[in-house]
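J.: Quick one, fold the following:
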Amino acid sequence: MQEITSDIIPTLTIFKIASNIEAYEKWLKREHNKSIDNSLLSGYKFFFECCFSNLFYHISCEETLGIKTDFLLHRASSEGVFIEKIPSSCEMTIFLKNIYFHFEPILKSKDLNSLKISTTNFENSISKPFQNLYDNFITTSSETDITKNEALKLVLIDNLYIHFNQVKNNGPVALQSSIMKTFWVDKKKLDYAFEGYKYTLQFVWSEVLSYKKYKSTSLINLHKSDSWRKYITYNTAPKDATGAERIFGEHFELEKQTCFDSYFYRIQKEIIRPLEKKYKKDITQAYNFFTYNGGKYVKKNIFGNLLTKNSINVPLINLSDSEKIEQILYWYPVEVMNTTQNQMYNGIPAFNTLLAGTLTLYNRKNSEFKKVIACKFIHPFEENKNDFSYGILIDSASSAGHYCSGWMLFYDCCGDYSGFSGSEHKMAEKLIDKYLKQNKLELRELVINKQAFRDCISEHIRTEEKLDDADIKNNKIQLDDISQRKKR
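T.: Next comes the predicted model:
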């Protein structure tokens with residue numbers, strides 16, 4: 001329930017406030033004598049992009065909704081793989097794709113009219129179901145006497161403060177690295193969006209706070225900020241420097257700062273600390289004022305068609321061979337054994353040994369995997385004839401107690417058409433089939449041309465040609481060192 005009350009509902013509420021275009025236009029005219037031109041429109045849309053990125057990330061993490069997820073989505077989210085490049089392998093992926101389908105028109109809108117149509121559609125299709133959830137299944141805790149509206153205001157302030165006013169190396173914190181897309185926002189886009197973003201956020205702050213409170217804070221000057229995060233710093237820090245002044249390793253005087261990010265510290269002093277004193281609670285924990293009463297909650301009654309494939313009108317983006325391989329490998333790193341150099345032991349014998357050993361060492365309590373995972377790449381080259389590459393995902397948690405897992409891949413290690421190679425293929429398949437029947441193994445398969453496969457994995461193949469003089473010298477030194485130690 002934490003994600004719902006700490007981030008999802010607040011972000012959707014922020015979205016709703018910002019998408020009131022008529023109110024925003026009136027406020028801009030009254031407060032700044034401005035209208036929404038192309039420059040402000042770009043930043044206005046960027047604000048929605050930040051809202052959606054924050055929303056998308058936290059929905060993908062929320063478990064209270066009862067929407068089933070899977071390991072593929074988990075890995076894709078960890079690696080920042082775009083949602084439309086992920087197969088609809090679980091309910092949560094379908095749910096997220098449907099949500100993205102309703103958000104995409106906002107990104108593509110060219111003017112205020114199309115933006116209004118797309119934000120209204122998003123409100124009706126996405127925000128309303130979550131509002132229904134909030135209205136009917138979330139209340140304030142019996143242990144507090146603050147109202148539901150008060151609690152909502154606190155989590156709104158927390159979100160604006162932490163996610164929208166604080167800036168990381170690549171834009172606002174709200175711009176999460178998620179399956180919405182792989183993020184590293186182009187600097188030109190950030191710079192162009194800056195003007196419109198700061199006015200939009202200032203408007204939202206003025207709506208969340210009372211007008212009197214807003215006018216009493218430094219937020220009335222937020223529009224005067226001249227950069228995202230360029231601080232005026234000095235070389236020495238006095239003994240009485242605050243934590244904010246020391247955080248960058250150099251002394252800076254807050255009152256002299258003109259960048260957008262500096263308002264994070266002003267908000268902390270003028271809004272956050274007084275609220276924490278009043279409510280005797282860290283504002284980042286304000287979501288604890290809420291409680292979830294989900295006894296009669298039925299996900300289909302709340303989210304309906306958003307959980308079904310039928311409502312996804314956008315087909316899966318065509319993947320390159322490289323992207324298909326990465327997906328089969330769950331985006332883990334890979335090291336390829338070039339078995340063509342010595343198939344007598346560095347091929348199927350090594351694969352079978354590694355597979356059996358991995359199964360033996362597998363520890364479900366320690367492992368991040370529900371089963372041992374292997375892969376098989378099938379390389380057709382003539383009718384009814386195939387070569388094969390096999391791999392094992394090394395479960396480092398089970399075998400060595402740490403979480404740096406990766407693949408050992410045995411390239412072109414057997415075929416199904418000749419005597420020696422065919423017998424090795426049969427042995428590998430027999431072992432795989434044994435563990436599949438015991439429900440101990442997950443096997444991931446892909447049919448792909450051998451040359452195309454080699455082209456994609458060539459940088460990971462270890463060959464003698466790749467060892468330069470420095471590598472050989474370093475290896476010799478290490479081997480000599482080992483030899484000397486053995487003699488002692």
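J.: Contacts only, for I373.
T.: By C-beta atoms under 8 Å, 6 or more residues apart in numbering, the contact set of I373 is 330, 392-393, 441-444. All C-beta spots, glycine's among them, are computed from the backbone N, C-alpha and C.
J.: Next SSE downstream of the helix or strand encompassing it?
T.: In the assignment (DSSP states H and E), I373 maps to strand 372-382. Next along the chain after strand 372-382, taking DSSP H and E as the criterion, comes strand 385-394.
J.: Would you mark the buried spots in that following strand?
T.: Buried positions in strand 385-394, judged by neighbour count with 16 or more other C-beta atoms under 10 Å: 386-394.
J.: Send over stretch 102-117 as CSV, restricted to the C-alpha atoms.
T.: Only the C-alpha atoms of stretch 102-117 are listed here, as CSV (Å, rounded to 0.1, in the frame of the first residue of the first chain):
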residue,chain,number,x,y,z
HIS,A,102,-3.1,6.5,-22.9
PHE,A,103,-0.1,8.6,-22.0
GLU,A,104,1.7,8.6,-25.4
PRO,A,105,-0.7,11.2,-27.0
ILE,A,106,0.4,13.7,-24.4
LEU,A,107,4.0,13.3,-25.5
LYS,A,108,3.0,13.7,-29.2
SER,A,109,0.7,16.7,-28.7
LYS,A,110,1.7,19.7,-30.8
ASP,A,111,-0.5,22.5,-29.3
LEU,A,112,-2.7,23.3,-26.3
ASN,A,113,-5.8,21.9,-27.9
SER,A,114,-4.3,18.5,-28.6
LEU,A,115,-2.7,18.5,-25.1
LYS,A,116,-6.0,19.2,-23.5
ILE,A,117,-7.7,16.3,-25.3
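J.: That stretch: which residues count as buried?
T.: 102-103, 106, 109, 115.
J.: Looking at the residues you listed, which one is closest to R364?
T.: The closest of the buried residues of stretch 102-117 to R364 turns out to be F103 (C-beta to C-beta; 37.7 Å).
J.: From what I see, the closest one and F52 are in contact.
T.: Yes. Here F103 reaches F52: they are 5.1 Å apart, a contact under C-beta atoms under 8 Å.
J.: tell me the strands in the stretch 1-150 of the chain, going along the chain?
T.: Secondary structure of the stretch 1-150 of the chain (DSSP state E, counting those that start in this stretch): strands at 138-140.
J.: tell me the helices in it, going along the chain?
T.: Taking DSSP state H, counting those that start in this stretch as the criterion, the stretch 1-150 of the chain contains helices spanning 2-3, 9-18, 21-32, 38-61, 71-79, 91-108, 112-122, 128-137, 148-159.
J.: any low-confidence regions in the stretch 301-450 of the chain?
T.: Where the stretch 301-450 of the chain drops to pLDDT under 70, the residues are 310-316, 338-345.
J.: Strands along that one, start to end?
T.: 334-338, 372-382, 385-394, 406-415, 441-447.
J.: Could you list the buried residues of the last one?
T.: In this case it means strand 441-447. 441-442, 444, 446.
J.: Can you name every helix or strand that that strand contacts?
T.: helix 321-328, strand 372-382, helix 419-437 (3 or more C-beta pairs under 8 Å, 6 or more residues apart in numbering; DSSP states H and E).
J.: Save those as a markdown table, and put in distance to V155 too.
T.: Output for the helices and strands packed on strand 441-447, formatted as a markdown table (distance: least, C-beta to C-beta, whole Å):
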| stretch | distance to V155 |
| --- | --- |
| helix 321-328 | 36 |
| strand 372-382 | 39 |
| helix 419-437 | 47 |
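J.: Could you pull up the residues touching the residue nearest to S389 when sequence neighbours are not counted?
T.: Nearest in space to S389, with sequence neighbours left out and distances taken as C-beta to C-beta, 6 or more residues apart in numbering, is F377 at 4.2 Å. Neighbouring residues of F377 by C-beta under 8 Å, 6+ apart: 325, 328, 388-391, 445-448, 453.
J.: Out of those, which comes closest to K278?
T.: I328 (54.3 Å).
J.: And the closest one, how close does it get to K213?
T.: 55 Å (C-beta to C-beta, to the nearest Å).
J.: for I86, same thing?
T.: In terms of C-beta to C-beta, I86 sits 44 Å off from K213.
J.: Looking at those two, which one has more neighbours?
T.: Neighbour totals were compared for I86 and K213, and I86 leads with 22 against 15 (other C-beta atoms under 10 Å).
J.: before we move on, back to that, kindly present the strands of the stretch 301-450 of the chain as a markdown table, with separate columns for distance to F194.
T.: Listed next are the strands of the stretch 301-450 of the chain as a markdown table, based on distance: least, C-beta to C-beta, whole Å:
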| stretch | distance to F194 |
| --- | --- |
| strand 334-338 | 40 |
| strand 372-382 | 44 |
| strand 385-394 | 43 |
| strand 406-415 | 40 |
| strand 441-447 | 44 |
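J.: List just the one of those that sits closest to K365.
T.: Between the strands of the stretch 301-450 of the chain, strand 372-382 lies closest to K365; by C-beta to C-beta that is 14.6 Å.
J.: now the angle from that closest one to helix 419-437?
T.: Taking axes from the mean of the first three to the mean of the last three C-alpha atoms, to 10 degrees, one finds strand 372-382 and helix 419-437 inclined to each other by 140 degrees.
J.: quick one: buried residues of strand 372-382?
T.: Quick answer for strand 372-382 (16+ other C-beta under 10 Å): 372-377, 379.
J.: Identify the neighbouring strands of that strand in the sheet and state each direction.
T.: strand 385-394 (antiparallel), strand 441-447 (parallel) (DSSP bridges).
J.: so which of the ones you listed comes closest to Q285?
T.: Using C-beta to C-beta, the strands paired with strand 372-382 put strand 385-394 closest to Q285, at 38.0 Å.
J.: hmm, who's touching that closest one?
T.: So strand 385-394 is in contact with 329-330, 332, 334, 348, 351, 354-355, 358, 369, 372-381, 405-417, 425, 428, 450, 453, going by C-beta under 8 Å, 6+ apart.
J.: Next, work out how far apart M408 and I373 are.
T.: The value you get for M408 to I373, if C-beta to C-beta is used, is 12 Å.
J.: Other residues contacting the strand or helix carrying Q451?
T.: If you go by DSSP H and E, Q451 is part of helix 450-457. Residues from elsewhere that reach helix 450-457, judged by C-beta under 8 Å, 6+ apart: 321-322, 325, 334, 336, 377, 379, 381, 387, 389, 409, 411-412, 461.
J.: Distance to D158 for those residues - can I get that in CSV?
T.: Formatted as CSV, the contacts of helix 450-457 follow (distance: C-beta to C-beta, whole Å):
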residue, distance to D158
D321, 45
S322, 41
I325, 42
V334, 41
V336, 47
F377, 48
H379, 54
F381, 60
D387, 57
S389, 50
L409, 46
Y411, 51
D412, 55
I461, 50
